[in-house]
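Visitor: here's a sequence, model it:
(4 chains)
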There are 2 protein chains.
Amino acid sequence: MTTAAGRPSPGQVTIADVARHAGVAASTVSYVLSGKRAISAVTRDRVLASVRLLGYHPNAGARALASRRANVIALVLPLRAGMQVPVVMQFATAVVTTARAHDHDVLLVTSDEGPAGLRRIAASALVDGVLLMDVELHDPRVPLLRDLALPSVLIGFPADTAGLTCVDLDFHAAGGECVAHLAGLGHRRLALLGAPTAVYERGTGFAHRTRAGVREAADRHGVQVVTLPCGEGAVEVRRTLTELLDRHPDVSGLVVQNEAAVGPVLATLPALGRRVPDDVSVVAICPEEFAGHSSPALTCVPVPAEEVGRQAVSLLMGKLRGETGPEVTLLAPRLTVRDSTAAVPVVGVSDDR
Amino acid sequence: MTTAAGRPSPGQVTIADVARHAGVAASTVSYVLSGKRAISAVTRDRVLASVRLLGYHPNAGARALASRRANVIALVLPLRAGMQVPVVMQFATAVVTTARAHDHDVLLVTSDEGPAGLRRIAASALVDGVLLMDVELHDPRVPLLRDLALPSVLIGFPADTAGLTCVDLDFHAAGGECVAHLAGLGHRRLALLGAPTAVYERGTGFAHRTRAGVREAADRHGVQVVTLPCGEGAVEVRRTLTELLDRHPDVSGLVVQNEAAVGPVLATLPALGRRVPDDVSVVAICPEEFAGHSSPALTCVPVPAEEVGRQAVSLLMGKLRGETGPEVTLLAPRLTVRDSTAAVPVVGVSDDR
DNA sequence: GCCGGTTGTCGAAGCGCTTCGACAACCGTC
DNA sequence: GACGGTTGTCGAAGCGCTTCGACAACCGGC
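Guide: Model (predicted):
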């Protein structure tokens, strides 16, 4: 089989094939499929029958070229190995699923392509919009984004959100919730085991916001808190914990927001002679699954990666339709109490009255 | 600004703009960029200068339409939450990076779109080829793939690989290596802590191949081995381990191939009164990072996710060029000895001669 | 100095789709 | 029963690119 141009044509079914089969014009088929003009029921049914029979799927390139919309969004992920992997994964899943529900596909882009990648993607009209994860406080891509006129939604917050659309868990409030919970149980000395040092140094928003939230809540509740970064892996965690308990032996409440550290923390504390929750209460900010399957089951503020993903896509779709949504969407934290937190034991019941 | 058609045109720079700026025909620009015809050095330089100056990037849709190649490959991932997450991530990273090096982008597709998703993607010419992960022994997508004439590379092996291109770590040999190592240290009673039951039931290739490799090697080395599935999370692992040691108290060598179980296993064994490696030797099949950061550092066969990703993309690029590569590429396992394995203690030194 | 062969460039024809304007055919109205 | 207003369909004109064939211009060889 050859086309008029003499080039061999693959087995692809085109809109012309459908039109011929249904006995209508190609434009009519197009209108049936897009619903952009009224088509009589009888014609529509005939066309749809042909579409199904022939197994027609519009050619993506042609459609993008003619309509100036690719029906693809880009998802820019921090694929540096090791980074908060499960959350990223959950998030990606939600994004792909939601995007498909809106009849869009997802192009996977790594953060290390940086601003140049965004520029390329925008200029080539490969995608209609961008979802950006792992945004830093002073992210070099943010000013570019404002210039590019490429619809975008950020997961996380840069320092200045003016003119942007951002979604995320309210980490500030999440840190506060954790402190409030522990303070409510009577704990007066708390510690925040945060993200690895590198994450703070990169100026990653969520780490800074959590820490600020923890500190402010501690002030508010009149409890003391020491915050320290924490690497990943059992060895690192043990080192950090040992040092912490050495210097602050009276710490009885721990907030952990490094999901890779959660398991090791629970495993290490008993080894250091602190039972959970009898001696130390632990509350985590991490994916739900981690918390549920650990032992003891963890009191935690789940990171609602799925919800964030869905919202992000919905917001982006809105922007593609020309709507202007809210600049900032903060998801309220929701603390789930399980078995890793308990009231601070009353040492010597002295009602001194 | 409006086009001839009267529709508003965005700020996009087209090949015509470049041609005009450089004082040549559009086709000349195209040939400069593709290198498909000889162009004089002077013309080429002039064109390239214009390209750079104007910031020209070819419109992806137009290019795809005219050339019948999208310069995009699809990556079909098992995004069911929780599944061997870090490996998937490493793999995705390698794929994106390698694909970009070949001037291709990556479309992210979830496994749950299933065969229909493949059909859609193929028919719409969205992508030039497909990378399929998480292939099952009797995967419904495999026959479709053979029909579709869509170039593809599988990560993992279905039961019948005829006419396909498959890449993976040689899990059969990996299982064998682990057993050989333990047997070499004098361990006579081994256990394989495998993937969750559901993974075996789905007929996921790597789980079955590892188990087969372990069993055959055990026979070969004349040692006993019990193989059992293992869920994820501390609770599940504890249950499984307790039961195992109850029934087979003399097991002194453990092969673990469930990365989510590695941490809990190391944490649980001491709690059950078995020191690692003094009482029990543990060897894992898991990502390198897990093994290095655990305590004690794990003897392991690393899953070379990056290498597999690179190879997969290279093979796919070859197929897109019309080359026919090998049907099956098995990466040889490479056991790294660390601190979690030791010789079985000699109980009563009796040199009976 | 005429000829076959390169070499470098151009113009035109699509790729398969969307969208616009045109226009029959039909509607109820005054 | 001629008239404006819908409603449903069609044809044509691109979208921005690649690719093909054509063809000047130049080459050296005899």
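Visitor: what pLDDT does the model give residue A:20?
Guide: The predicted structure scores residue A:20 at 96 on the pLDDT scale.
Visitor: helix, strand or coil for it?
Guide: Here residue A:20 is recorded as helix under DSSP: H, G, I helix; E, B strand; the rest coil.
Visitor: burial count for it?
Guide: Close neighbours of residue A:20, defined as other Cβ atoms under 10 Å in any protein chain shown, add up to 15. No exception for glycine: its C-beta is placed from N, CA and C like everyone else's.
Visitor: quick one: it and residue A:35, what's the gap?
Guide: 22 Å (Cβ to Cβ, to the nearest Å).
Visitor: quick check: the closest residue to residue A:110 other than its chain neighbours vs residue B:105, distance?
Guide: In this structure, residue A:110 finds its nearest non-sequential neighbour in residue A:79, 4.5 Å apart by Cβ to Cβ, 6 or more residues apart in numbering or on different chains. Distance, residue A:79 to residue B:105, using Cβ to Cβ: 14 Å.
Visitor: hmm, residue A:175 is touching residue A:217, no?
Guide: Yes: in this structure, residue A:175 is within contact of residue A:217 by Cβ atoms under 8 Å, at 6.5 Å.
Visitor: in terms of neighbours, single out the busier of the two.
Guide: Between residue A:175 and residue A:217, counted using other Cβ under 10 Å, the more crowded position is residue A:175 (30 against 24).
Visitor: which stretches of chain A form helices?
Guide: Along chain A, counting by DSSP state H, helices occupy A:15-22, A:26-34, A:41-54, A:60-67, A:85-101, A:114-123, A:141-148, A:171-184, A:197-201, A:205-221, A:234-247, A:259-271, A:288-293, A:305-320.
Visitor: just the buried residues of the shortest one, please?
Guide: By that I understand helix A:197-201. residue A:199 (16 or more other Cβ atoms under 10 Å in any protein chain shown).
Visitor: can you give me the end-to-end span of stretch A:78-88?
Guide: Start-to-end span of stretch A:78-88 (Cα to Cα, to the nearest Å) is 8 Å.
Visitor: next one: it to chain centre, how far?
Guide: Distance, stretch centre to chain centre, for stretch A:78-88: 11 Å (Cα atoms, centre = their mean, to the nearest Å).
Visitor: so where's the stretch 1-150 of chain A shaky on pLDDT?
Guide: Applying pLDDT under 70 to the stretch 1-150 of chain A flags residues A:1-10, A:81-83.
Visitor: what residues does it put near DNA strand D?
Guide: When proximity is defined by Cβ under 7 Å from any atom of the strand, the stretch 1-150 of chain A lies next to DNA strand D at A:5-7, A:23-28, A:31, A:37-40, A:42-44, A:62, A:65-66.
Visitor: please redo it, this time with the cut-off set to 10 Å
Guide: A:5-8, A:15, A:19, A:22-32, A:36-44, A:46-47, A:61-68, A:123-125 (Cβ under 10 Å from any atom of the strand).
Visitor: which among those end up buried?
Guide: Buried, going by 16+ other Cβ under 10 Å: A:15, A:19, A:22, A:24, A:28-32, A:39, A:43-44, A:46-47, A:61-65, A:68, A:123-125, out of these.
Visitor: so what's residue A:311 closest to, chain neighbours aside?
Guide: Sequence neighbours aside, residue A:167 is the residue nearest to residue A:311 in space, at 5.0 Å (criterion: Cβ to Cβ, 6+ apart).
Visitor: who's in contact with the one you found?
Guide: When contacts are counted by Cβ atoms under 8 Å, 6 or more residues apart in numbering or on different chains, residue A:167 touches A:153-155, A:308, A:311-312, A:315, A:329, A:331.
Visitor: buried residues, stretch A:201-208. List them.
Guide: Neighbour-count burial for stretch A:201-208 [16+ other Cβ under 10 Å]: A:202, A:204-208.
Visitor: among those, which pair sits farthest apart?
Guide: A:202 and A:206 (11.2 Å; Cβ to Cβ).
Visitor: ok, how many other residues are close to residue A:273?
Guide: Residue crowding around residue A:273 was assessed by other Cβ under 10 Å; the count is 8.
Visitor: dump the residue contacts of it.
Guide: residue A:279.
Visitor: and it, what pLDDT?
Guide: Looking at residue A:273, its pLDDT is 92.
Visitor: separation between it and residue B:168?
Guide: Distance of residue A:273 to residue B:168, given as Cβ to Cβ: 45 Å.
Visitor: for residue A:277, which non-adjacent residue is spatially closest?
Guide: Using Cβ to Cβ, 6+ apart, the nearest residue to residue A:277 is residue A:342, at 3.9 Å.
Visitor: surely the one you found touches residue A:275?
Guide: No: using Cβ under 8 Å, residue A:342 is not in contact with residue A:275; the gap is 9.9 Å.
Visitor: so which of those two has more stuff around it?
Guide: residue A:342 (19 against 11).
Visitor: now the more buried one: phi and psi?
Guide: phi -150, psi 160 (degrees, to the nearest 10).
Visitor: that one: what's it in contact with?
Guide: A:185, A:277-278, A:281.
Visitor: any idea how far residue B:23 is from it?
Guide: In terms of Cβ to Cβ, residue A:342 sits 79 Å off from residue B:23.
Visitor: now do the end-to-end distance for stretch A:127-143.
Guide: Start to finish, the residues bounding stretch A:127-143 are 19 Å apart (Cα to Cα).
Visitor: which parts of the stretch 101-250 of chain A sit against chain B?
Guide: Counting by Cβ under 8 Å from any Cβ of the partner chain, the stretch 101-250 of chain A comes close to chain B at A:105-110, A:112-113, A:119-120, A:123-126, A:149, A:232-236, A:238.
Visitor: please redo it, this time with the cut-off set to 6 Å
Guide: Within the stretch 101-250 of chain A, the positions lying close to chain B (Cβ under 6 Å from any Cβ of the partner chain) are A:105-108, A:110, A:120, A:123-126, A:233-235.
Visitor: quick one: which of these is nearest to residue B:243?
Guide: Nearest to residue B:243 among those: residue A:234, at 24.4 Å, using Cβ to Cβ.
Visitor: tell me how many other residues crowd the closest one.
Guide: 22.
Visitor: can you count the residues close to the closest residue to residue A:141 other than its chain neighbours?
Guide: Excluding the flanking residues, the one nearest residue A:141 by Cβ to Cβ, 6+ apart is residue A:115, at 5.2 Å. By other Cβ under 10 Å, the residues close to residue A:115 number 15.
Visitor: again, but for residue A:139
Guide: Neighbours of residue A:139 (other Cβ under 10 Å): 24.
Visitor: list the contacts for it?
Guide: By Cβ atoms under 6 Å, 6 or more residues apart in numbering or on different chains, residue A:139 lies in contact with residue A:158.
Visitor: now the phi/psi pair for it, please.
Guide: The phi/psi pair for residue A:139 (degrees, to the nearest 10) is phi -80, psi 130.
Visitor: got the contact list for residue A:78?
Guide: Here residue A:78 is in contact with A:111, A:134 (Cβ under 6 Å, 6+ apart).
Visitor: now swap in residue A:254 and tell me
Guide: Residue A:254 sits in contact with A:191, A:280, A:282, where contact means Cβ under 6 Å, 6+ apart.
Visitor: between these, which sits nearest DNA strand C?
Guide: residue A:282 (54.3 Å; Cβ to the nearest atom of the strand).
Visitor: so where is the stretch 251-353 of chain A shaky, pLDDT-wise?
Guide: A:347-353.
Visitor: what residues does it put near chain B?
Guide: A:263, A:267, A:293-295.
Visitor: now these as CSV including distance to residue A:256 and neighbour count?
Guide: Supplementary listing: those in CSV, determined by distance: Cβ to Cβ, whole Å; neighbours: other Cβ atoms under 10 Å in any protein chain shown:
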residue, distance to residue A:256, neighbour count
A:263, 10, 24
A:267, 13, 23
A:293, 15, 20
A:294, 11, 26
A:295, 15, 21
